[in-house]
Every structure is written in C-alpha cells, then in structure tokens.
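K.L.:
Please find the sequence and the predicted model below.
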Amino acid sequence: MEYKKAIRDPIHGFIKLTAEEIRLIDGEPLIQRLRYVKQLGFVYLVYPTAVHTRFDHSLGVMHVASLIGERVLHQMGAFDEVVLNHLRVAALLHDLGHLPFSHSFEALTHELLHMAAERGCVDVDLAQFDVAKPHEVTTRLLVEKLMSRLAELGYDPELVKDLLFKRSGKYRLLSNIISGAFDADRLDYIMRDMYFTGAAVGTSFTHIDLERIVENLEVSGDKIQFDEKARVNLEGYLLTRYNLYRHVYLHHKTVLFTEVGRAILADNIAKCLEDKGDAVICQYLCDLARFVAGKAEADETWKVTDDYFISVFIRDPRFRDLLARKSLEYVPLWKREKEFLEVFKDPVKVNTSIDHLGPLHWALMNRLKKSLIERLNVELGESCRLSYDDLIISYVSFDPYAEDLYITTAVGPMPISKLSPLVEAINEAWKRAPHLFLFVKRQIPEKCGRAALNSLKAVLEPLLDLAVRRVLARGHA
C-alpha cells in the first residue's frame with residue numbers, strides 16, 4: 001500500500017494516508033464536520049482536557065482497523081490489498097452520523113424527528129430508527145450520499161457498505177473489526193479517551209499492548225481468538241475499559257451534566273412540538289432533524305457541530321448555566337460503589353433488573369421515572385411528595401463483559417474470564433457497581449427530613465424493581 005501523507009497522532013504515532021484517502025477527507029464536509037464534534041460530549045465539564053473529537057477518533061479507528069485487518073486477511077490466507085483499502089475507508093466513515101456532543105442527545109432522536117415531522121420540516125420513516133442505534137442509521141443514510149464520490153476515487157461503494165453495515169456473509173469477519181467483540185472502534189476510543197482525560201487509574205493500554213495483541217491474533221473459522229502470550233495485554237485492555245467507564249463515562253457529574261443537557265433539549269423539543277418554542281431554536285432543531293434523516297444540504301451540515309449548537313442554545317438560560325458549570329440544584333443519592341451498596345441490599349439483583357430494559361429511549365426512561373415517583377409518593381406520604389422535576393434518573397448501558405474474547409488452549413478456545421482471575425473479578429465488580437444514578441433536588445432533604453430521605457433509600461430497591469416490571473409489562477413502545 002502506497003502512503004502519501006502521515007498525520008502525527010499522540011496515540012498511534014503516525015497515521016498514514018493514501019492519495020485516495022487524502023482526496024476523500026480533504027474538502028468533504030461530512031468528514032470535516034467531525035473536527036467540531038467532541039468525542040465525549042459533556043465529559044469536558046468534568047475532565048477539562050477531554051476535548052478531542054470524532055475526527056481524531058475516526059482517523060484512529062481507520063489506523064487500528066488496518067492493523068487488525070491486515071493480520072486477519074493473512075491469517076485467512078486471503079490477503080487482498082483492495083479489500084484492506086475498503087476496510088480502511090469503512091472505518092473512517094463509521095461515525096458520520098453523530099449529532100453535536102456525540103452520544104449525549106442520541107436518546108432524543110425519536111422525539112426530535114417526530115417534532116420535525118409534525119412541523120413539516122422533514123419526511124422520515126421513524127421505524128428505521130428502531131432497528132439500530134440512531135447514529136448508525138444516520139451514518140448509513142449519509143454514506144449513501146457519498147456513493148458517487150467513493151466511486152470517483154476508485155472504491156466499490158457496495159463493498160464499503162457491506163463492511164460497515166452488513167456484518168454477515170463473505171466479509172462478516174472484516175466487518176466485525178469495525179464493530180464487534182474486539183473492534184477498532186473500541187480499541188481507539190479506550191486508548192484516546194484515557195490519554196485525553198488523564199484517567200489512567202492503576203493501568204494503561206498503549207500501542208505496544210495493541211501490537212502485541214494483534215501479533216497474537218488468530219482466525220478460527222469465522223471467529224477471532226488469541227494466543228496465551230497476549231493474555232496479559234488483553235487483561236490490561238479490559239481493566240482499562242472498566243476503569244474508564246467507572247471513572248469517566250459513569251462519573252456521577254458526567255451523568256448529571258448529560259442528563260441536564262438532555263432535559264433542556266427535550267423541553268425545547270416539546271415546546272416546538274406545541275408551537276410554543278423559541279423560533280430560532282425550533283428552526284435549528286428542524287435542521288438537526290434533516291441531518292438525522294440524511295436530508296441535510298451541504299450548508300446545513302456545518303450546523304451540526306458543538307459550537308453551532310451552543311451558539312443557538314445559549315438563548316436558553318438553563319443551557320448557559322450548564323456551560324458555565326453553575327452549581328446544579330441536584331445531589332446524587334449515591335456516587336460510588338460504597339454508597340450504592342449502602343442503599344441496595346442486593347445490588348446485583350437491582351442491576352440485573354434495570355439491565356432488562358436494554359438501551360433506553362427518552363420516552364421509556366420518562367415512563368420509568370414517573371412510575372417510580374408515583375410509588376415513592378405512596379410510601380413517603382403527603383409531607384414529602386416528589387414532583388416530576390424533583391428527581392433525575394439515569395441508566396447508562398455498559399459492555400464490560402469479556403466472555404466474547406477467547407484464548408487458544410489445547411482443549412479448544414476458552415473465554416478469557418475462565419482463565420483469568422483478574423478478568424473474572426472485573427466482571428464481578430461491574431455486577432455490583434452502579435448501573436443507574438438517582439439525583440434529587442438539594443432542598444428535598446430539608447423538605448422531607450433526613451429520616452424521610454433514609455426511608456426513601458430503604459424502599460427504593462423493591463420500588464425500583466416494581467417500576468421496571470411495570471414499564472416492561474407495558475412494552476417499550
């Protein structure tokens with residue numbers, strides 16, 4: 001493969017580009033826009049240096065996918081440079097569909113599109129957003145818009161789509177390199193997020209570990225497994241991932257800032273649906289909806305960035321306060337595992353219950369919240385009635401389990417958790433760690449009294465389980 005340019009990267013050293021990749025990246029708004037979308041949303045309000053972008057990450061994923069893809073193709077005895085080139089481009093394009101602040105507002109996709117459709121801003125089939133993560137659906141729609149450009153550069157657009165979205169058939173194993181059990185996406189964001197947050201907590205995972213793992217990667221049928229020599233590096237990878245989730249993605253302030261941001265956006269969407277919203281904000285939300293539906297024009301694409309979002313939403317004083325990091329009126333009922341274990345007698349059961357809900361839409365979380373408040377008000381009585389705004393509940397899904405990483409043994413491939421006490425401990429730790437957070441307004445302890453607050457904690461476990469079962473019984477629609 002002939003490279004024409006090298007980009008200096010603090011994670012991988014140099015990321016090299018071919019002439020075709022340079023031509024695709026330079027001047028293409030759908031790709032260049034990612035320079036202005038923060039990788040970690042509102043995390044920078046907790047970790048100030050976490051301002052790296054989806055563009056940085058996309059280049060990193062392309063680099064890592066190339067390393068793994070080359071190894072896999074050689075292992076398959078079917079090395080094909082043309083296929084590898086297509087894998088690199090597919091990896092580069094994998095995040096095109098993210099909204100401003102990345103995942104922060106994804107839970108509101110349905111509400112945004114419904115509002116825009118009702119206002120006549122966009123004609124969209126909402127059902128397609130029920131079968132995959134919303135940003136993946138938008139990515140697929142945007143990649144369709146790049147088909148002619150890809151063809152001009154000598155790529156087979158259908159092969160790029162197969163590698164990105166099909167995840168079956170002839171290229172299933174290669175497709176899993178972009179999104180699978182051991183994928184380039186996850187590897188890059190773990191290394192990159194750890195570096196830019198400075199959250200290396202008792203471990204690290206560097207390009208040296210990555211190279212060691214790739215060198216010991218083996219293909220067996222349609223699956224990837226690893227030689228025992230890479231086990232210690234895989235343990236480091238899994239421990240680093242766990243620590244990042246616990247200390248960065250699930251930091252209680254990160255969760256709170258994100259939920260407050262979502263609530264502000266949700267309220268503006270609702271007001272626009274009722275034709276009571278700020279005209280400028282409502283027009284901007286229509287622009288966002290057209291982007292989500294893959295129908296934005298080139299000039300509208302540049303509006304789908306963090307900075308443009310901020311320039312519009314500072315019209316809402318609540319968003320200005322969030323950006324200014326003014327003290328929020330909510331306090332967490334727990335922050336870390338210790339407090340979580342003090343509230344719930346059986347945290348594993350609570351987590352298992354909440355995990356049954358799966359990835360949540362905003363409407364489903366609202367239903368859970370209303371059901372929980374209703375039950376709490378019965379238990380706490382008239383002197384401590386909670387209103388809808390008195391409580392914030394947030395569930396964050398996580399993928400820490402390692403059973404899908406296999407080590408080669410004399411008796412066949414074996415899950416790394418069966419061989420490694422460390423990995424088994426990571427899995428057990430996650431089962432006990434908070435999978436959800438509850439925040440109450442600061443005045444609630446004064447209003448209700450400390451005894452009532454302790455009572456709230458005491459009844460929370462059975463009530464939460466009941467609320468989850470009620471929501472599940474009514475369905476996710």
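P.N.:
Alright, I've got the coordinates.

K.L.:
Wasn't residue 14 part of a strand?
P.N.:
Yes - counting by DSSP: H, G, I helix; E, B strand; the rest coil, residue 14 is found in a strand.

K.L.:
Report the secondary structure state of the residue nearest to it when sequence neighbours are not counted.
P.N.:
In space, and not counting its chain neighbours, residue 14 is closest to residue 6: 4.3 Å by Cβ to Cβ, 6 or more residues apart in numbering. Every C-beta, even on glycine, is put in place using the N, C-alpha and C of the backbone. Recorded secondary structure, residue 6: strand (three-state DSSP).

K.L.:
Run a quick check on residue 6 versus residue 18, I expect a contact.
P.N.:
No - using Cβ atoms under 8 Å, residue 6 makes no contact with residue 18, being 11.3 Å away.

K.L.:
ranges for the helices of the stretch 201-350 of the chain?
P.N.:
207-215, 231-244, 252-273, 279-292, 298-301, 306-313, 317-323, 337-343, 347-355 (DSSP state H, counting those that start in this stretch).

K.L.:
closest one to residue 200 among those helices?
P.N.:
Within these, the stretch nearest residue 200 is helix 231-244; the backing value is 7.6 Å (Cβ to Cβ).

K.L.:
and residue 191, what is it in contact with?
P.N.:
Neighbouring residues of residue 191 by Cβ atoms under 8 Å, 6 or more residues apart in numbering: 11, 12, 60, 205, 206, 207, 210.

K.L.:
what's the answer for residue 116, then?
P.N.:
Going by Cβ under 8 Å, 6+ apart, residue 116 touches 122, 124, 285, 286, 289, 290.

K.L.:
Quick check: pLDDT value at it.
P.N.:
Residue 116 carries a pLDDT value of 97.

K.L.:
Tell me the spacing between it and residue 306.
P.N.:
Distance of residue 116 to residue 306, given as Cβ to Cβ, to the nearest Å: 20 Å.

K.L.:
got it, and residue 465?
P.N.:
Taking Cβ to Cβ, one finds residue 465 at 38 Å from residue 306.

K.L.:
In terms of packing, which of those two has more residues around it?
P.N.:
Between residue 465 and residue 306, counting by other Cβ atoms under 10 Å, residue 306 is the more crowded of the two (19 against 16).

K.L.:
Now do the strands in the chain.
P.N.:
Ranges of strands within the chain are 5-9, 13-17, 217-220, 223-226, 330-332, 391-395, 406-407, 414-415, 436-441, based on DSSP state E.

K.L.:
now these as CSV including distance to residue 183 and mean neighbour count?
P.N.:
Formatted as CSV, the strands of the chain follow (distance: least, Cβ to Cβ, whole Å; neighbours: other Cβ atoms under 10 Å):
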stretch, distance to residue 183, mean neighbour count
strand 5-9, 19, 13
strand 13-17, 17, 16
strand 217-220, 12, 16
strand 223-226, 10, 20
strand 330-332, 32, 17
strand 391-395, 24, 20
strand 406-407, 15, 22
strand 414-415, 18, 16
strand 436-441, 26, 21
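
K.L.:
Quick check, residue 266 in contact with residue 363.
P.N.:
No - between residue 266 and residue 363 there is no contact under Cβ under 8 Å: 9.7 Å.

K.L.:
Need the residues touching each of these two.
P.N.:
Residues touching both residue 266 and residue 363 by Cβ under 8 Å, 6+ apart: residue 111.

K.L.:
residue nearest the centroid of the chain?
P.N.:
The residue lying closest to the centre of the chain (Cα atoms, centre = their mean) is residue 103, at 5.1 Å.

K.L.:
which residues sit in contact with the residue lying closest to that residue once chain neighbours are set aside?
P.N.:
Distances taken as Cβ to Cβ, 6+ apart place residue 41 nearest to residue 103, at 6.1 Å, with adjacent residues excluded. Contact partners of residue 41, counting by Cβ under 8 Å, 6+ apart, are 101, 102, 103, 104, 258, 261.

K.L.:
so how far is residue 101 from the fifth one?
P.N.:
This means residue 258. From residue 258 across to residue 101, the span is 8 Å (Cβ to Cβ).
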